[in-house]
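>>> build me a structure from this.
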Amino acid sequence: MQNKIKVLVLDDNINAIKKIQEHFSSHAVIDIALFETDGLKGYEKIIKEEKNYDVIVMDLIMPNKDGLSILEDLHKQNKDRKIIVLTSYGKDETIKRVSDYGVSYYMLKPFSLKDLEKRIIDVYNSTEKIKLKDGSLNLEMSITRILHSLGMPSHIKGYQYIRDGIELMYERPALIGGITKELYPAIASRYNTTSSRVERAIRHAIEVSWNRGDYDLMEEIFGHSLDYDKAKPTNSEFMATVADRLRLDENFIKV
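Now for the predicted structure:
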């Protein structure tokens, strides 16, 4: 890639913008070319500066014009943009409204800047949008939503490993019998790390989730497979149980 990917960031939190700018300040591929904290001014930049950015990274909550209003106006004008939405709102109706406006990706806060880096590159290189039908969620978004509901913070390493592991187990249920020899190595190869580090990071993420998650949801998902009060699930139990839950959940489709 000869030229850097130019990014326009819209977020009412100037500290969040500064962290993003700092992270990408010397990045070989990504350049934070423009930013704005005001929604109305941000919308004007989207229209007037369209030749000066490739990808928009935007929050939904901004003064004077919120993110949903911006997306709605762009949609009405048939303005096709590569947009990543960052938000703390993970409700199905919010995700559906965002998807209806044809955004490229949807990330729940808090998020890892490394994940954002990957998504910017993916979105820049992709021609696809989020695809939903009748309000249903795709698999990756459903995994993200359930992990956040279980109290798992996205900034820890194990979060991404678990998300990939659940997706692999969903696609290949037989992997539950080969978690050490097949699943961990498959995840490790994606992140240029070792199987043992993947295993430890996943175990730590489950411990964090078990201590801070939604008790009722945990009881609903794991209550029949183990004693919540006595023991947290093993890595394989956690990922396999969530994958099974998603197979039975009719509120999403794989796209």
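
>>> how about the residue nearest to the spatial centre of the chain: what's its closest non-neighbour residue?
Residue closest to the mean C-alpha point of the chain, counted by C-alpha atoms, centre = their mean, is Met107 at 3.8 Å. Excluding the flanking residues, the one nearest Met107 by C-beta to C-beta, 6 or more residues apart in numbering is Leu86, at 5.2 Å. No exception for glycine: its C-beta is placed from N, CA and C like everyone else's.

>>> can you check Val103 too?
Ile83 (4.5 Å).

>>> give me the pLDDT for that neighbour.
On pLDDT, Ile83 comes in at 93.

>>> and it, how many residues sit next to it?
Number of residues near Ile83 (other C-beta atoms under 10 Å) recorded here: 26.

>>> give the pairing partners of the helix or strand encompassing the residue nearest to the centre of the chain; include direction for each.
Using DSSP states H and E, Met107 sits within strand 105-108. Strand pairing for strand 105-108, using DSSP bridges, gives strand 83-87 (parallel).

>>> the partner strand: what's the following helix or strand?
helix 92-100.

>>> what angle separates that next one from strand 83-87?
160 degrees (axes from the mean of the first three to the mean of the last three C-alpha atoms, to 10 degrees).

>>> buried residues, the top helix by length along the chain. List them.
Assignment by DSSP state H gives helix 195-212 as the longest helix of the chain. In terms of neighbour count (16 or more other C-beta atoms under 10 Å), helix 195-212 has its buried residues at 195, 197-199, 201-202, 205-206, 208-210.

>>> show me what it is packed against.
On a contact count with 3 or more C-beta pairs under 8 Å, 6 or more residues apart in numbering; DSSP states H and E, helix 195-212 meets helix 157-171, helix 184-191, helix 235-248.

>>> most tightly packed of those?
helix 157-171 (a mean of 22; mean count of other C-beta atoms under 10 Å).

>>> for it, packing partners?
Counting contacts by 3+ C-beta pairs under 8 Å, 6+ apart, helix 157-171 packs against helix 139-149, helix 184-191, helix 195-212, helix 235-248.

>>> for the second one, what is the distance to the chain centroid?
Going back to what we said before, that points to helix 184-191. 19 Å (C-alpha atoms, centre = their mean, to the nearest Å).

>>> cool, stretch 204-221 as well?
So, by C-alpha atoms, centre = their mean, the centroid of stretch 204-221 is 19 Å from its chain's centroid.

>>> just the endpoints, please. Distance across that stretch?
Using C-alpha to C-alpha, to the nearest Å, one end of stretch 204-221 lies 19 Å from the other.

>>> list of residues touching it?
147, 149-153, 156-159, 161-162, 228, 232-233, 235, 238, 241-242, 245 (C-beta atoms under 8 Å, 6 or more residues apart in numbering).
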